[in-house]
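# pasting the sequence and the predicted model now:
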Amino acid sequence: MSTAPALDIRPADLADPRVIRLLEDHLDDMFATSPAESVHALDVSGLSVPEVTLWTIGEGDDLLGCVALKQLDPAHGELKSMRTDAAARGRGLGARLLEYVLAEAKRRGYARLSLETGSEAFFRPARTLYAKYGFVECPPFADYALDPNSVFMTLELS
């Protein structure tokens, strides 16, 4: 009897073609569902800066998703690049990634974690997941501006 490989969350290798494909798929979806001026997803160069950490979730050699955490200031982080591969959706991977980032944000001592996501129906599952974990809508933060295509959410960390 064989068992399936365990899920593994680890720092992403931004040179790995599987990571690049996952990020390209993410950007393709963002541009397909939102006007270009409302797409705030980061490409590989945006994820390569020191204030951003990207992790992937995988099973064996398969990368199934990713999530990033950006430090806005020593007490405030931003959730970025949350993605589950289309073929792996419905398995609870988004929740696993979100729990991982919440734990990391607390470990870093952040008092607050914020995010920007789309207002379109495509993003409803993400907004529902964030609300389930206590995120509430808030005004734009950091360098964001009001945008009818964006929903801003935040969570006070204890």
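Looks like it came in fine.

# list the contacts for the closest residue to Ser48 other than its chain neighbours?
Closest residue in space to Ser48, ignoring its immediate chain neighbours: Leu14 at 5.8 Å, by Cβ to Cβ, 6 or more residues apart in numbering. To be clear about C-beta, it is placed using only N, CA and C from the backbone, and glycine gets the same treatment. Counting by Cβ atoms under 8 Å, 6 or more residues apart in numbering, Leu14 touches Ile20, Val44, Leu47, Ser48, Leu54.

# between the residues you listed, which is closest to Leu146?
The closest of the contacts of Leu14 to Leu146 turns out to be Leu47 (Cβ to Cβ; 25.4 Å).

# if I look at the residue nearest to that closest one when sequence neighbours are not counted, how far off is Asp62?
Closest residue to Leu47 apart from its sequence neighbours, by Cβ to Cβ, 6+ apart: Leu54 at 5.0 Å. Relative to Asp62, Leu54 is positioned 17 Å away (Cβ to Cβ, to the nearest Å).

# now Asp16
According to Cβ to Cβ, Asp16 and Asp62 sit 12 Å apart.

# in the protein, which helix or strand is least confident?
Of all helical and strand segments in the chain, the minimum by mean pLDDT, DSSP states H and E falls on helix 17-33, at a mean of 92.

# okay, buried residues for that one please.
Using 16 or more other Cβ atoms under 10 Å as the test for burial, helix 17-33 gives Val19, Leu22, Leu23, His26, Leu27, Asp29, Met30.

# after that helix, next one along is what?
Of the helices and strands lying after helix 17-33 in sequence (DSSP states H and E), the nearest is helix 44-47.
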